[in-house]
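**Q** I'd like to go over a predicted model; first the sequence, then the structure.
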Amino acid sequence: MESRHHHSQSIAAAKGGFSERTGRRIETEHRRPSPPPGDGRRTRKTADPFQGLWDSEIRPMLASEPGLRAVTLLEEMQRRHPDYDWDRLRRSLERRVRAWSAEHGAERAVIFRQNHIPGQQGLSDFTAMGDVAVSIAGQPLDHRLYHFVLAYSAWEHAEPVLGGESFTALAVGLQNALWALGGVPMEHRSDSLSAAFRNLDADACRDQTRRYEAFCAHYGMTPTRNTTGVAHEKGSDSYCTSSAT
């Protein structure tokens, strides 16, 4: 209670980490609280409800299969030891499993939920269709699929593209999608069109970029692109799911 010499009782108690009532009691008794018995660590005041089964059976099962749920462990222990009142121990088992999982369980995936705004973003991409094995009159059709989707509503437009991925294919497919939609989103997002730019020199790439930006400006859209090689930056769960199918 060194702080008591310079502060009021309530402030001194807060600085000491205990309540004002405890501070008054300490000040009234004029003696230090007795230290805890033993080495200062807390000891269990009641008997272990699992009677050693946690360390001998339950924890080893969790260590081998960290994803086991408490209800699964409960059913297994009921099978192994039917003489125990496991229904009464269910809450204790659930608490013990949660505590163990928090310290030793598998790491949980971190998810940042996407917040889409109506009319904010439309997305374009091309999907190779070689695995689908489409044929006409017995001849394989060498094509890919242009795909457009609105991030918020998941409204979609798709059409076949004969030949490779190119700016022309993007412009035609995107224009048809906007006409079918009857409006335009504020932002249009695509990947870096690597298939269109892969064999182009620096001047041709800049020309393609200017044409793409002029196309978006004509329709009043802001052109954006995700980082090369980072497909999930396209920004829509529905888009990524449907493009992969």
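**A** The structure has been received and is ready for your questions. Since this is a predicted model, take the numbers as computed values, not measurements.

**Q** In the chain, spot the helix with the most residues.
**A** Assignment by DSSP state H gives helix 86-104 as the longest helix of the chain.

**Q** Just the buried residues of that one, please?
**A** 86, 89, 93, 96-97, 100-101 (16 or more other Cβ atoms under 10 Å). For the C-beta atoms, the positions are set from N, CA and C on the backbone; glycine is no exception.

**Q** those helices in the protein, which residues are they?
**A** Under DSSP H, the chain gives helices at 9-16, 20-29, 53, 59-64, 70-80, 86-104, 167-181, 194-197, 202-218, 237-243.

**Q** Using PDB, write down the CA coordinates of stretch 168-183.
**A** This file holds the C-alpha atoms of stretch 168-183, laid out as PDB (Å, rounded to 0.1, in the frame of the first residue of the first chain):
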ATOM      1  CA  THR A 168     -11.000  -7.900 -78.500                       C
ATOM      2  CA  ALA A 169     -12.600 -10.900 -76.900                       C
ATOM      3  CA  LEU A 170     -12.800  -9.000 -73.600                       C
ATOM      4  CA  ALA A 171     -14.300  -5.900 -75.200                       C
ATOM      5  CA  VAL A 172     -16.900  -7.800 -77.200                       C
ATOM      6  CA  GLY A 173     -17.900 -10.000 -74.200                       C
ATOM      7  CA  LEU A 174     -18.000  -7.100 -71.700                       C
ATOM      8  CA  GLN A 175     -20.000  -4.900 -74.100                       C
ATOM      9  CA  ASN A 176     -22.600  -7.700 -74.700                       C
ATOM     10  CA  ALA A 177     -22.800  -8.300 -70.900                       C
ATOM     11  CA  LEU A 178     -23.400  -4.600 -70.200                       C
ATOM     12  CA  TRP A 179     -26.100  -4.400 -72.900                       C
ATOM     13  CA  ALA A 180     -27.800  -7.500 -71.500                       C
ATOM     14  CA  LEU A 181     -27.600  -6.000 -68.000                       C
ATOM     15  CA  GLY A 182     -29.000  -2.600 -69.100                       C
ATOM     16  CA  GLY A 183     -26.500  -0.700 -67.000                       C
END
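
**Q** Which residues belonging to stretch 120-133 are considered buried?
**A** 121-127.

**Q** Can you lay out those as JSON lines showing distance to residue 75 and pLDDT?
**A** Listed next are the buried residues of stretch 120-133 as JSON lines, based on distance: Cβ to Cβ, whole Å; pLDDT from 0 to 100:
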{"residue": "121", "distance to residue 75": "47", "pLDDT": "92"}
{"residue": "122", "distance to residue 75": "50", "pLDDT": "93"}
{"residue": "123", "distance to residue 75": "46", "pLDDT": "92"}
{"residue": "124", "distance to residue 75": "51", "pLDDT": "91"}
{"residue": "125", "distance to residue 75": "47", "pLDDT": "88"}
{"residue": "126", "distance to residue 75": "50", "pLDDT": "88"}
{"residue": "127", "distance to residue 75": "45", "pLDDT": "84"}
